[in-house]
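> What would the 3D arrangement of this be:
(chains A and B)
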Number of protein chains: 2
Amino acid sequence: VPNIYIVLVEPQMGENIGAAARVMSNFGFDNLRIVNPRDGWPNPKANDMSAHGLFVLEKAKIYKDVESAIADLNFVCATSAQKRYMNKDIISATEITKELSLQNENSNIGILFGRERSGLTNEELGLADKLIKIPVSNINPSLNLAQAVGIVCYELSKFKNFEIEKNHQILASKDELSYFLKTLDDNLINSGFLRNEKMRPTMIQNIRNIFTRAQLTEQDIRTLHGMLNSLKKMT
Amino acid sequence: VPNIYIVLVEPQMGENIGAAARVMSNFGFDNLRIVNPRDGWPNPKANDMSAHGLFVLEKAKIYKDVESAIADLNFVCATSAQKRYMNKDIISATEITKELSLQNENSNIGILFGRERSGLTNEELGLADKLIKIPVSNINPSLNLAQAVGIVCYELSKFKNFEIEKNHQILASKDELSYFLKTLDDNLINSGFLRNEKMRPTMIQNIRNIFTRAQLTEQDIRTLHGMLNSLKKMT
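Model (predicted):
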């Protein structure tokens, strides 16, 4: 079974962090990563709310940004309330188990949860392989952070009973992907392809999305680096 | 689609009631019934936590006991952490939609949630047609009340997209069932069948469970009353 990492991005309320840790432990998950918690760390309010999930908080790891929090992961899903985002696949929470069963059994898998009010930025969503949408009512679509973690962990816990197909290829880690994308950006800037500065951020994001969607293995990334080097020599 | 009623039995923390109302509204449910809330009603702490689910609290109904809270319902599920209880069917939370699809589309369906620490009493569990178990980890099996409501509502929301088979018979309301069971108890006491006072509560519970499991319609109950009257005349 792959390793599951729950990643809270800039959570504001300690109570929500504690409640998230509690419900993670309810469903048998204990790898919590927190990006830049507003009120610092450790957080007594988080501890108070965690009940018997305190051990999850005690082993939680703190990161300065999403990129570093997912650097060693192979497959990342981001929860999002949005209906559409840049051509990225959006799956329903119900489909998580099916989706993860397509990953290699030694994969490190992360699920990103955004800030209480504003969620994840488009750039952060862009780092994910898939988006997960929890289907909510239009009457009150705003789900509490710990409730969202609870529902995803509940669905993920079904995965443990899931038959995992063997021999799925393990994807490149996110830092390998990120290093390639950075190299590609630099080369495209140097080559003049991205000379329109106004359009540059959108173009970079679109290019990054193409390669993020491609589900690249380490070998794929080595190939792409080779292609890039080879193309550069042509000029 | 049947009408769904969420029934909180003697909840202690206003925060949990508010969070339950919020997550109910997230998944499109707004019929909340509360049995004997510890801190009275209305409860400002509940209001604070309900966010845009405040309207659920404002139309919530308060009852003095479980029996009166479910009197007009046709089919009742009780959430329980227990593995086995008195021969009653226990279904996993995942199976709720399948289970409810077997009920008549005009049924009033209730889901009972117990007290924060102690859950539901055996007598209260005895009133339910089915027990629902949310599968949790042995490491920390204690699920927050509002999280339990959230997961059940999340599963129930899938039901709305569920194809409901027509022509299922609507079950008798719980007060019709309850009146029959009371009549039966009285007759069995008068007849001397329940003369062993030490065993009496257990025997009554076992008898009640038989008839609760039987999924009786109004017509069934009329038949049973007729049988009972006829049998009495034999003596």
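> so where's chain A shaky on pLDDT?
A:1, A:83-87, A:160-167, A:234-235 (pLDDT under 70).
> and the gap between the residue positioned nearest the centre of chain A and chain B?
Nearest to the mean C-alpha position of chain A, by CA atoms, centre = their mean, lies A:V76 at 3.7 Å. Note on A:V76: its distance to chain B, by CB to the nearest CB, to the nearest Å, is 22 Å. (Each C-beta comes from the backbone N, C-alpha and C, glycine too.)
> Secondary structure class of that residue, three-state.
Of the three states, A:V76 takes strand according to DSSP: H, G, I helix; E, B strand; the rest coil.
> same thing with A:I4?
Strictly by three-state DSSP, A:I4 counts as strand.
> dump the residue contacts of it.
A:I4 is in contact with A:29, A:31, A:109-111, A:156, counting by CB atoms under 8 Å, 6 or more residues apart in numbering or on different chains.
> hang on, the earlier thing: beta partners of the residue nearest to the centre of chain A?
A:G110 (DSSP bridges).
> Now do the contacts for it.
Contacts of A:V76 (CB under 8 Å, 6+ apart): A:70, A:109-112, A:127-129, A:174.
> Pick the one among these closest to A:K232.
Taking CB to CB as the measure, A:K232 lies nearest A:K174 of the contacts of A:V76, at 24.5 Å.
> I figured that closest one hits A:I70, correct?
Yes: under the criterion of CB atoms under 8 Å, A:K174 makes contact with A:I70 at 4.6 Å.
> Have a look at the two and say which one is more surrounded.
Using other CB atoms under 10 Å in any protein chain shown, the more surrounded residue of A:K174 and A:I70 is A:I70, with 28 against 25.
> any idea how far the more buried one lies from A:S25?
22 Å (CB to CB, to the nearest Å).
> can you give me the strands in chain A?
Using DSSP state E, the strands assigned to chain A run over residues A:3-9, A:32-35, A:61-63, A:75-79, A:90-92, A:108-113, A:130-133.
> Using a markdown table, lay out those strands together with distance to B:P141.
Below are the strands of chain A laid out as a markdown table (distance: least, CB to CB, whole Å):
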| stretch | distance to B:P141 |
| --- | --- |
| strand A:3-9 | 19 |
| strand A:32-35 | 19 |
| strand A:61-63 | 26 |
| strand A:75-79 | 25 |
| strand A:90-92 | 27 |
| strand A:108-113 | 22 |
| strand A:130-133 | 25 |
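> of these, which approaches B:E218 most closely?
Once those are compared by CB to CB, strand A:90-92 is nearest, at 38.9 Å.
> re the thing from before, ok, of the contacts of A:I4, which one's closest to chain B?
A:F29 (8.3 Å; CB to the nearest CB).
> Get me the contact residues on chain A for chain B.
Residues of chain A lying near chain B by CB under 8 Å from any CB of the partner chain: A:19, A:22-23, A:25-28, A:51-53, A:93-94, A:134-137, A:139-144, A:146-147, A:150-151, A:154, A:157-158.
> Can you select the buried ones from these in ChimeraX?
Only the buried members of these enter the following ChimeraX selection, criterion being 16 or more other CB atoms under 10 Å in any protein chain shown:
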select /A:19,22,23,25,26,27,28,51,53,93,94,134,135,136,137,140,143,144,146,147,150,151,154,157,158
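> Please list all residues in contact with the closest residue to A:F180 other than its chain neighbours.
Excluding the flanking residues, the one nearest A:F180 by CB to CB, 6 or more residues apart in numbering or on different chains is A:I221, at 5.1 Å. Listed by CB under 8 Å, 6+ apart, the contact set of A:I221 reads A:172, A:176-177, A:180.
> Among those, which one lies nearest to A:A46?
Taking CB to CB as the measure, A:A46 sits nearest to A:L177 out of these, at 31.2 Å.
> what's the closest of the strands of chain A to B:R208?
Closest among these, once you apply CB to CB, is strand A:90-92, at 40.5 Å.
> Pull the residues that contact the closest one.
The contact list for strand A:90-92 (CB under 8 Å, 6+ apart) reads A:77, A:80, A:82-84, A:99, A:130-135.
> which of those residues lies closest to B:N229?
Relative to B:N229, and with distances defined as CB to CB, the nearest of the contacts of strand A:90-92 is A:P135, at 51.2 Å.
> Surely the closest one touches A:E95?
No: applying CB under 8 Å as the test, A:P135 and A:E95 come out as separate, 10.9 Å apart.
> Could you tell me which of the contacts of strand A:90-92 count as buried?
So, by 16+ other CB under 10 Å, the buried ones in these are A:77, A:80, A:99, A:130-132, A:134-135.
> Please enumerate the helices of chain A.
A:14-26, A:44-50, A:54-58, A:66-69, A:96-100, A:122-126, A:145-159, A:174-191, A:200-213, A:218-234 (DSSP state H).
> Packing partners of the shortest one?
Contact here means 3 or more CB pairs under 8 Å, 6 or more residues apart in numbering or on different chains; DSSP states H and E; on that basis helix A:66-69 packs against strand A:3-9, strand A:32-35, helix A:174-191.
> With distance to A:E105 as extra columns, can I get these in CSV?
Shown next, in CSV, are the helices and strands packed on helix A:66-69 (distance: least, CB to CB, whole Å):
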stretch, distance to A:E105
strand A:3-9, 10
strand A:32-35, 21
helix A:174-191, 19
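> Compare these and give me the one nearest B:N229.
strand A:3-9 (60.9 Å).
> got the CA coordinates for the closest one in PDB?
Extracted in PDB, the C-alpha atoms of strand A:3-9 (Å, rounded to 0.1, in the frame of the first residue of the first chain):
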ATOM      1  CA  ASN A   3       2.300   5.900   1.900                       C
ATOM      2  CA  ILE A   4      -0.200   8.600   2.400                       C
ATOM      3  CA  TYR A   5       0.800  12.100   3.500                       C
ATOM      4  CA  ILE A   6      -1.800  14.700   4.400                       C
ATOM      5  CA  VAL A   7      -0.500  18.200   3.600                       C
ATOM      6  CA  LEU A   8      -2.200  21.200   5.200                       C
ATOM      7  CA  VAL A   9      -1.300  24.400   3.400                       C
END
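> Could you list the buried residues of that strand?
A:4-9.
> try stretch A:49-66
A:49-51, A:53-54, A:56-57, A:60, A:63, A:66.
> now that stretch, how far from the centre of its chain.
Distance of stretch A:49-66 from its chain centroid, counting by CA atoms, centre = their mean, to the nearest Å, is 17 Å.
> For it, which outside residues touch it?
Residues from elsewhere that reach stretch A:49-66 (CB under 8 Å, 6+ apart): A:7, A:9, A:14-19, A:21-26, A:29-37, A:41-42, A:46-47, A:69, A:112, A:120, A:124, A:127, B:139-140, B:142, B:144.
> again with stretch A:148-164
With contact meaning CB under 8 Å, 6+ apart, stretch A:148-164 is reached by A:1, A:4, A:6, A:8, A:19-20, A:23-24, A:26-29, A:79, A:93-94, A:96-97, A:100-101, A:105, A:111, A:113, A:132, A:134, A:143, B:93-94, B:134-135, B:137, B:147, B:150-151, B:154.
> Pull the most distant pair out of the buried residues of stretch A:49-66.
A:A51 and A:V66 (27.8 Å).
> contacting residues around A:Q12?
A:38-39, A:115-117.
> Pull the most distant pair out of those.
Distance extremes for the contacts of A:Q12: the farthest pair is A:D39 and A:R117 at 15.2 Å, using CB to CB.
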